[in-house]
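> Fold the following for me, if possible:
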Amino acid sequence: MARHDLREDRTEQLWILVFCGAVVFWSFVLEPSPDGSLSFIVPGLGKEVLLPPICMSRGLLGITCPGCGLTRSFVAAAHGEFLSAIQMNPMGPVLFFLCCLQIPYRVIEYTGILRGFRGWNLLRQAMYPVMWILLGGLTATWIWRIL
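Okay, the predicted model is just below:
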């Protein structure tokens, strides 16, 4: 891999790592409210901040999207409430688990410490079909929910 390509690859790995880290962090920080919305307490101020209770697609267009309920599902999964997580979005717990796995995976990819090991290269190749299966699962779940 050329030096420029390696630098771009490391940048991509870092962005995905930061994104997944933020998603997992907020999944543990956010708390469900009785009305179904999510909230968090601002450290030091003790003030509760409520997030909007519905997604932008539902709010603006009046229709659900494939990701409807994923945030609440991730929060429920992070708090060990897997039945609630499945009810909010059946793909939520699976995606939350895979998002958590992205953190060590992206650290290893960023550092390159396992580059060249056959088992790691096989795992890297398996990521693409898994991504398409997950996208198919999200789409199938969405279609099932709107029918």
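> Name the surrounding residues that touch the lowest-mean-pLDDT helix or strand in the chain.
Least confident element among the helices and strands of the chain, by mean pLDDT, DSSP states H and E: helix 56-61 (a mean of 78). For helix 56-61, contacts defined as C-beta atoms under 8 Å, 6 or more residues apart in numbering pick out 52, 63, 64, 65, 68. (C-beta placed from N, C-alpha, C; glycine too.)
> residues touching the third one, list them.
Translated: residue 64. Counted by C-beta under 8 Å, 6+ apart, residue 64 has contacts 55, 57, 58, 142, 145, 146.
> The third one: how many residues sit nearby?
Looking back up the chat, that one is residue 58. 15 (other C-beta atoms under 10 Å).
> ok, of the contacts of residue 64, which come out buried?
Using 16 or more other C-beta atoms under 10 Å as the burial test, the contacts of residue 64 include 55, 142 as buried.
> re earlier: dump the least confident helix or strand of the chain to PDB, keeping only the CA atoms.
Extracted as PDB, the C-alpha positions of helix 56-61 are listed here (Å, rounded to 0.1, in the frame of the first residue of the first chain):
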ATOM      1  CA  MET A  56     -36.600  13.600  11.800                       C
ATOM      2  CA  SER A  57     -38.100  11.400   9.100                       C
ATOM      3  CA  ARG A  58     -41.200  10.800  11.100                       C
ATOM      4  CA  GLY A  59     -41.400  14.400  12.300                       C
ATOM      5  CA  LEU A  60     -40.900  16.000   8.900                       C
ATOM      6  CA  LEU A  61     -42.400  13.400   6.500                       C
END
